[in-house]
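A.B. asks: got a predicted model here, sequence first, then my questions.
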Amino acid sequence: MSFQTLAEETRREIALGMLRDENCPFSEIAFLTGFSEQSAFNRAFKRWTNQTPANYRKSLLN
């Protein structure tokens, strides 16, 4: 496993965990997982899960 792959998987797991807290804003999750801006985080998240962070969070609440 390459360092890049490990870093990407770690960012993904942290983001998934943080999205469980509905009080944590998307911008903070993006920043804390190392993205330069929220739009970059949104694109990466959609690539990882085929859904937006907002839709993922909504699915957790149902």
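C.D. replies: Happy to help now that I have it.

A.B. asks: the residue positioned nearest the centre of the chain: what's it in contact with?
C.D. replies: Note on the chain: the residue nearest the mean C-alpha position is Ala15, at 3.6 Å, using C-alpha atoms, centre = their mean. Contacts for Ala15 (C-beta atoms under 8 Å, 6 or more residues apart in numbering) come out as 29, 33, 41, 45, 53. Every residue, glycine included, has its C-beta placed from N, CA and C.

A.B. asks: can you list which of these are found in helices?
C.D. replies: Cross-referencing these against helices under DSSP state H gives 29, 41, 45, 53.

A.B. asks: gap between the third one and Phe31?
C.D. replies: If I follow you right, that is Phe45. Distance, Phe45 to Phe31, by C-beta to C-beta, to the nearest Å: 14 Å.

A.B. asks: mind picking out the helix or strand in the protein with the poorest mean pLDDT?
C.D. replies: helix 53-61 (a mean of 94; mean pLDDT, DSSP states H and E).

A.B. asks: what's the mean pLDDT across the host helix or strand of Ser39?
C.D. replies: For Ser39, the element it lies in under DSSP states H and E is helix 38-49. Taken as a whole, helix 38-49 carries a mean pLDDT of 97.

A.B. asks: and that helix, what's buried?
C.D. replies: 38, 41-42, 44-45, 48-49 (16 or more other C-beta atoms under 10 Å).
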